[in-house]
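Colleague: kindly return the folded structure for what I paste below:
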Amino acid sequence: MHVSGHTPDIIFYNILLDGLRKSQHLDQAIALFKQIVNQGIRPDTSTYTILIDGLCEGKRLSDAQQIFQLLLGNGYPLNVQAYTAMIKGLCKEGLYDEAKALLYKMKENGCLPDAITFETLIIPLLEKGENDEAKNLVDKLFSKMVDDAVNLFKEMRHKSLTPNTIIYSSLIDGLFKSGRISDVQDVIYEMHVSGHTPDIIFYSILLDGLCKSQHLDQAIALFKQIVNQGIGPDTYTYTILIDGLCKGNRLSDAQQIFQLLLVNGYPLNVQAYNAMIKGLCTERLYDEAKALLYKMKENGCVPNAITFETLIIPLLENGENDEAKNLIDKVFIKVS
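Modeller: As a prediction, the model looks like this:
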């Protein structure tokens, strides 16, 4: 080629480099890469991805790391494939902490991970039983990259690696936040088919999503289902529902749920009372709100600063200064 006067371009070198990689002539591949750089030919994303992937596949991790750091140091725009190849190489050697650090470095450098990147890390973490760490990574993916998250979920199922309840919960949360309600139904169905039993954390996330997306009838039905199944809702669960119903102008439904909980002896906390008081004040039902405040105190639940703000400020704005002062004297001063 040189004799005929043709000058090889980067496409030619990439093909040659890929051939050396596949035939495991890795020393020659490294030498060729250095030759490319020394000749002033700028490697493209394919060039260094081929080399890094080949070195990692060939168990030459230290060489791959040297090349990777050289590229980073010289300002080459490493793409998602190059980062993923390096992360995969680290995971193969069991170097998960280094792999996670590189994932965060990747995001810092403005390169967004894709489903393959996360699959490379999450699946080994789940297999090792590091569920909390897997969930942390999943949350970071789902918060901004829902399509990739769904693809990852499907890939896990395809590989017969069943997602646990933590992963299902994170996926549901991400889908709700991105408005993908129809996909939520598919995930719930898939969860039941795979034999997973939802826990109260999962149900609380689902309930929160339904309330925030204004699917309030479904939220009420879900809450009743939780109770009928004998799963005891926690304070977070019923506070979500009461707050959601009040914000959705479904005050009578909120009151029914609230009374049902009171009658059945559920330990309503200050957040649940505050949500109900706020709902009553929004409808300007100040007498009912004040009555609930006294009831709250009778039941041994101490009002806090938010309770004060929720009820006292509307009374002052309504010109009911004496009533506001009376409440402050009777309730708030005595509990402070």
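Colleague: so where's this structure shaky on pLDDT?
Modeller: 1-7, 115, 131, 135, 138-164, 166, 178, 330-336 (pLDDT under 70).
Colleague: where do the strands sit along it?
Modeller: Secondary structure of the chain by DSSP state E: no strands are present.
Colleague: residues in contact with stretch 98-107?
Modeller: Stretch 98-107 is contacted from outside by 80, 83, 86-87, 90-91, 113, 117, 120-121, 133, 137, using C-beta atoms under 8 Å, 6 or more residues apart in numbering. Where you see a C-beta, it was placed from the backbone N, CA and C, and this is true even at glycine.
Colleague: can you do 7 Å?
Modeller: 83, 86-87, 90-91, 113, 117, 121 (C-beta atoms under 7 Å, 6 or more residues apart in numbering).
Colleague: wait, residue 312 sits on residue 326?
Modeller: No. Counting by C-beta atoms under 7 Å, residue 312 sits too far from residue 326 to count as a contact (10.5 Å).
Colleague: higher neighbour count, these two?
Modeller: residue 312 (19 against 13; other C-beta atoms under 10 Å).
Colleague: nearest spatial neighbour of the more buried one, skipping sequence neighbours?
Modeller: residue 324 (5.1 Å; C-beta to C-beta, 6 or more residues apart in numbering).
Colleague: what's the separation between the one you found and residue 314?
Modeller: As judged by C-beta to C-beta, to the nearest Å, residue 324 and residue 314 stand 9 Å apart.
Colleague: check residue 192 too.
Modeller: Separation of residue 192 from residue 314 (C-beta to C-beta): 45 Å.
Colleague: ok, those two, which is more surrounded?
Modeller: More crowded of residue 192 and residue 314, by other C-beta under 10 Å: residue 314, with 19 against 11.
Colleague: what about residue 179, how many residues nearby?
Modeller: Other residues lying near residue 179 total 10 when counted by other C-beta under 10 Å.
Colleague: same question for residue 21.
Modeller: Neighbours of residue 21 using other C-beta under 10 Å come to 20.
Colleague: thought it was touching residue 50?
Modeller: Yes. The pair formed by residue 21 and residue 50 meets the contact definition of C-beta under 7 Å, at 5.7 Å.
Colleague: shared neighbours, those two?
Modeller: Common contacts of residue 21 and residue 50 (C-beta under 7 Å, 6+ apart): none found.
Colleague: how near is the residue nearest to residue 43 when sequence neighbours are not counted to residue 226?
Modeller: Nearest residue to residue 43 in three dimensions, chain neighbours excluded: residue 36, at 5.9 Å (C-beta to C-beta, 6+ apart). Relative to residue 226, residue 36 is positioned 62 Å away (C-beta to C-beta).
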